[in-house]
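> sharing a model that was predicted from the sequence below.
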Amino acid sequence: MSYFRIRNSLEKKVIGNKFPQVKDALGDFNVDSPNYIGNMSFYLNEIDINPVLPELLLWESSKVTDLISSSFLGTGMGLITSSRLKLLVEKVTPQYLQFFTMKLHHKGRVHEDYWFLHPTKANNDLIDYNKSEIWEEKSLVRVRKREFQNFETFNEETKNIKYPNSLLITSCYLKKQLPDFFILNYIEGGVGYFVSESLKIEIEKKGCSGIVFTEPNERYP
(Lines give C-alpha, C1' and ligand atoms only; values in the text may rest on other atoms or scores of the structure.)
Protein backbone atom coordinates (compact mmCIF):
# COMPACT_ATOMS: atom_id res chain seq x y z
CA MET A 1 0.00 0.00 0.00
CA SER A 2 1.11 3.57 -0.68
CA TYR A 3 1.53 6.18 2.05
CA PHE A 4 1.36 9.95 1.91
CA ARG A 5 2.41 12.90 4.02
CA ILE A 6 -0.22 15.45 5.06
CA ARG A 7 0.71 19.03 4.21
CA ASN A 8 -1.07 22.36 4.48
CA SER A 9 -2.29 23.61 1.14
CA LEU A 10 -0.66 26.73 -0.30
CA GLU A 11 -3.27 27.23 -3.04
CA LYS A 12 -4.99 30.61 -2.77
CA LYS A 13 -8.18 29.24 -4.30
CA VAL A 14 -8.31 26.76 -1.39
CA ILE A 15 -7.01 28.71 1.64
CA GLY A 16 -7.49 32.33 0.57
CA ASN A 17 -4.86 35.00 0.01
CA LYS A 18 -2.76 34.42 3.13
CA PHE A 19 -0.41 31.66 4.25
CA PRO A 20 -0.49 30.81 7.03
CA GLN A 21 -4.23 31.38 7.40
CA VAL A 22 -3.90 32.49 11.04
CA LYS A 23 -3.20 36.20 11.58
CA ASP A 24 -3.09 36.41 15.37
CA ALA A 25 -4.49 34.95 18.59
CA LEU A 26 -7.16 36.04 21.02
CA GLY A 27 -8.17 35.04 24.52
CA ASP A 28 -6.70 35.02 27.99
CA PHE A 29 -3.40 33.18 27.79
CA ASN A 30 0.27 33.58 28.69
CA VAL A 31 2.81 32.02 26.34
CA ASP A 32 5.27 31.78 29.26
CA SER A 33 2.88 29.70 31.35
CA PRO A 34 4.02 26.08 31.93
CA ASN A 35 0.49 25.07 30.89
CA TYR A 36 0.67 26.82 27.52
CA ILE A 37 0.52 24.45 24.55
CA GLY A 38 3.89 25.71 23.31
CA ASN A 39 5.73 24.41 26.39
CA MET A 40 8.57 22.30 24.95
CA SER A 41 8.09 19.68 27.67
CA PHE A 42 4.83 18.78 25.88
CA TYR A 43 6.69 18.01 22.63
CA LEU A 44 5.94 14.38 21.67
CA ASN A 45 4.80 13.64 25.22
CA GLU A 46 1.39 12.97 26.70
CA ILE A 47 -0.14 16.03 28.34
CA ASP A 48 -1.81 15.17 31.65
CA ILE A 49 -3.49 18.57 32.14
CA ASN A 50 -5.84 20.72 30.10
CA PRO A 51 -3.29 22.86 28.24
CA VAL A 52 -3.88 26.53 27.57
CA LEU A 53 -4.66 27.11 23.91
CA PRO A 54 -5.11 30.46 22.16
CA GLU A 55 -8.21 31.29 20.17
CA LEU A 56 -6.92 31.80 16.66
CA LEU A 57 -7.85 34.78 14.51
CA LEU A 58 -7.82 34.14 10.77
CA TRP A 59 -7.09 36.80 8.19
CA GLU A 60 -10.28 38.17 6.65
CA SER A 61 -9.02 37.01 3.26
CA SER A 62 -8.45 33.47 4.56
CA LYS A 63 -10.88 30.64 3.94
CA VAL A 64 -11.98 28.33 6.74
CA THR A 65 -10.68 24.88 5.82
CA ASP A 66 -10.56 21.48 7.51
CA LEU A 67 -6.81 21.76 8.04
CA ILE A 68 -5.66 25.20 9.19
CA SER A 69 -2.13 26.59 8.75
CA SER A 70 -0.73 28.58 11.68
CA SER A 71 2.66 29.90 12.76
CA PHE A 72 1.44 31.35 16.05
CA LEU A 73 3.69 30.35 18.92
CA GLY A 74 3.19 26.71 19.92
CA THR A 75 0.44 25.92 17.42
CA GLY A 76 2.92 24.52 14.90
CA MET A 77 3.63 21.62 17.27
CA GLY A 78 0.46 19.83 16.14
CA LEU A 79 -2.32 19.96 13.56
CA ILE A 80 -5.36 22.25 13.68
CA THR A 81 -8.31 20.29 12.32
CA SER A 82 -12.06 20.50 11.89
CA SER A 83 -14.30 17.99 13.67
CA ARG A 84 -14.81 16.26 10.32
CA LEU A 85 -11.09 15.64 9.79
CA LYS A 86 -10.51 14.87 13.46
CA LEU A 87 -13.10 12.06 13.42
CA LEU A 88 -11.48 10.41 10.39
CA VAL A 89 -8.03 10.41 12.01
CA GLU A 90 -9.31 9.44 15.45
CA LYS A 91 -11.17 6.45 14.02
CA VAL A 92 -7.96 4.78 12.84
CA THR A 93 -5.58 6.12 15.50
CA PRO A 94 -6.74 5.42 19.05
CA GLN A 95 -3.28 6.00 20.48
CA TYR A 96 -0.34 8.41 20.19
CA LEU A 97 -2.69 11.37 19.77
CA GLN A 98 -4.55 13.78 22.02
CA PHE A 99 -7.24 16.19 20.86
CA PHE A 100 -7.95 19.52 22.54
CA THR A 101 -10.77 21.85 21.55
CA MET A 102 -9.91 25.11 19.80
CA LYS A 103 -11.83 28.17 18.68
CA LEU A 104 -11.29 30.00 15.41
CA HIS A 105 -12.40 33.58 14.77
CA HIS A 106 -13.13 34.66 11.22
CA LYS A 107 -15.06 37.71 10.01
CA GLY A 108 -16.87 38.12 13.30
CA ARG A 109 -17.91 34.49 13.51
CA VAL A 110 -16.59 32.00 16.09
CA HIS A 111 -15.97 28.44 14.88
CA GLU A 112 -16.04 26.18 17.94
CA ASP A 113 -15.80 22.82 16.15
CA TYR A 114 -12.00 22.80 15.78
CA TRP A 115 -9.37 20.71 17.47
CA PHE A 116 -5.66 20.78 18.19
CA LEU A 117 -4.17 17.40 17.32
CA HIS A 118 -1.25 16.83 19.69
CA PRO A 119 1.12 13.92 18.95
CA THR A 120 2.33 12.11 22.06
CA LYS A 121 4.85 9.88 20.31
CA ALA A 122 6.69 9.57 17.02
CA ASN A 123 6.54 6.18 15.30
CA ASN A 124 10.13 6.20 14.04
CA ASP A 125 10.40 2.46 14.61
CA LEU A 126 8.46 2.16 11.31
CA ILE A 127 11.51 3.33 9.35
CA ASP A 128 13.97 0.90 7.76
CA TYR A 129 17.17 2.69 8.81
CA ASN A 130 19.46 0.39 6.88
CA LYS A 131 17.91 1.63 3.60
CA SER A 132 17.33 5.27 4.56
CA GLU A 133 19.62 8.25 3.97
CA ILE A 134 20.65 10.05 7.14
CA TRP A 135 22.89 13.06 7.63
CA GLU A 136 24.50 14.64 10.61
CA GLU A 137 24.03 18.41 10.57
CA LYS A 138 25.85 21.20 12.35
CA SER A 139 23.88 24.43 12.66
CA LEU A 140 21.55 23.05 9.94
CA VAL A 141 24.45 22.43 7.52
CA ARG A 142 25.01 18.82 6.47
CA VAL A 143 28.49 17.70 7.46
CA ARG A 144 28.54 13.92 6.96
CA LYS A 145 26.40 10.93 6.13
CA ARG A 146 25.59 8.54 8.94
CA GLU A 147 24.58 4.88 8.84
CA PHE A 148 22.33 3.08 11.28
CA GLN A 149 21.16 -0.51 11.21
CA ASN A 150 17.98 -0.11 13.22
CA PHE A 151 15.76 2.18 15.26
CA GLU A 152 17.51 1.38 18.54
CA THR A 153 20.95 2.58 17.41
CA PHE A 154 19.48 5.68 15.75
CA ASN A 155 17.41 6.51 18.82
CA GLU A 156 20.43 6.13 21.08
CA GLU A 157 22.46 8.52 18.93
CA THR A 158 19.72 11.17 19.03
CA LYS A 159 20.15 11.16 22.82
CA ASN A 160 23.94 11.39 22.64
CA ILE A 161 24.44 13.94 19.89
CA LYS A 162 24.98 17.46 21.21
CA TYR A 163 23.80 20.85 19.95
CA PRO A 164 24.52 22.42 17.48
CA ASN A 165 24.79 18.99 15.85
CA SER A 166 21.69 16.97 15.02
CA LEU A 167 20.48 14.11 12.82
CA LEU A 168 18.23 14.47 9.79
CA ILE A 169 16.60 11.65 7.83
CA THR A 170 16.72 13.09 4.33
CA SER A 171 15.21 10.06 2.63
CA CYS A 172 13.25 7.63 4.75
CA TYR A 173 12.50 4.11 3.61
CA LEU A 174 9.36 2.81 5.27
CA LYS A 175 8.74 -0.72 6.43
CA LYS A 176 5.77 -2.72 5.18
CA GLN A 177 2.50 -3.34 7.04
CA LEU A 178 2.13 0.19 8.36
CA PRO A 179 -0.87 1.67 10.22
CA ASP A 180 -3.32 4.03 8.52
CA PHE A 181 -1.91 7.03 10.38
CA PHE A 182 1.53 7.53 11.88
CA ILE A 183 3.98 10.22 12.90
CA LEU A 184 7.69 10.59 12.09
CA ASN A 185 10.32 12.85 13.62
CA TYR A 186 13.85 13.88 12.54
CA ILE A 187 12.70 14.34 8.95
CA GLU A 188 12.56 17.37 6.66
CA GLY A 189 10.18 19.94 8.14
CA GLY A 190 10.24 18.50 11.66
CA VAL A 191 7.34 16.26 12.66
CA GLY A 192 5.53 14.64 9.74
CA TYR A 193 2.03 13.14 9.65
CA PHE A 194 1.44 10.24 7.30
CA VAL A 195 -1.68 8.43 6.08
CA SER A 196 -2.34 5.27 4.13
CA GLU A 197 -3.84 5.43 0.67
CA SER A 198 -7.14 4.14 2.04
CA LEU A 199 -7.33 6.93 4.64
CA LYS A 200 -6.30 9.49 2.01
CA ILE A 201 -9.20 8.35 -0.17
CA GLU A 202 -11.59 8.56 2.80
CA ILE A 203 -10.43 12.11 3.60
CA GLU A 204 -10.91 13.13 -0.02
CA LYS A 205 -14.35 11.51 -0.19
CA LYS A 206 -15.46 13.56 2.82
CA GLY A 207 -14.34 16.70 1.01
CA CYS A 208 -11.82 17.81 3.64
CA SER A 209 -10.13 21.01 2.49
CA GLY A 210 -6.80 22.72 3.10
CA ILE A 211 -4.84 19.47 2.68
CA VAL A 212 -2.19 18.38 0.19
CA PHE A 213 -0.92 14.80 0.10
CA THR A 214 2.69 14.30 -0.99
CA GLU A 215 4.95 11.29 -1.40
CA PRO A 216 6.87 10.55 1.84
CA ASN A 217 10.16 12.08 0.67
CA GLU A 218 8.76 14.68 -1.70
CA ARG A 219 9.85 18.26 -1.05
CA TYR A 220 7.00 20.70 -0.50
CA PRO A 221 6.63 23.31 -1.74
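Okay, I see it. Residues are numbered from 1 along each chain as shown.

> all helices for the protein, in order.
Here the chain has its helices, by DSSP state H, at 12-15, 83-92, 151-160, 197-205.

> residue ranges of each domain in the protein, please.
Following automatic domain parsing, the chain resolves into domains at 10-121, 128-171.

> how about the ones you listed, which one is nearest Lys200?
In terms of CB to CB, the element of those nearest to Lys200 is domain 10-121, at 10.2 Å. In this view, the C-beta of every residue, glycine as well, is placed from N, C-alpha and C.

> tell me the mean pLDDT over that closest one?
For domain 10-121, the mean pLDDT works out to 96.

> check the gap between the residue of the chain most remote from its centre and Asn217 for me.
The C-alpha centroid of the chain is most remote from Gly108, which lies 28.0 Å away (CA atoms, centre = their mean). Distance of Gly108 to Asn217, given as CB to CB, to the nearest Å: 42 Å.

> now swap in Glu112 and tell me
From Glu112 across to Asn217, the span is 37 Å (CB to CB).

> who's more crowded, those two?
Just comparing Glu112 and Asn217: by other CB atoms under 10 Å the higher neighbour count belongs to Asn217, 16 against 10.

> excluding sequence neighbours, find me the nearest residue to the more buried one.
Nearest residue to Asn217 in three dimensions, chain neighbours excluded: Ser171, at 5.0 Å (CB to CB, 6 or more residues apart in numbering).

> and that neighbour, what are its bridge partners?
When bridges are called by DSSP bridges, Ser171 pairs up with Glu133.

> could you report the pLDDT at it?
For Ser171, the pLDDT comes out at 97.

> same deal with the one 10 residues further on?
According to the predicted model, the pLDDT of Phe181 comes to 96.

> which residues touch it?
By CB atoms under 8 Å, 6 or more residues apart in numbering, Phe181 lies in contact with Val89, Val92, Thr93, Tyr193, Phe194, Val195, Ser196, Leu199.
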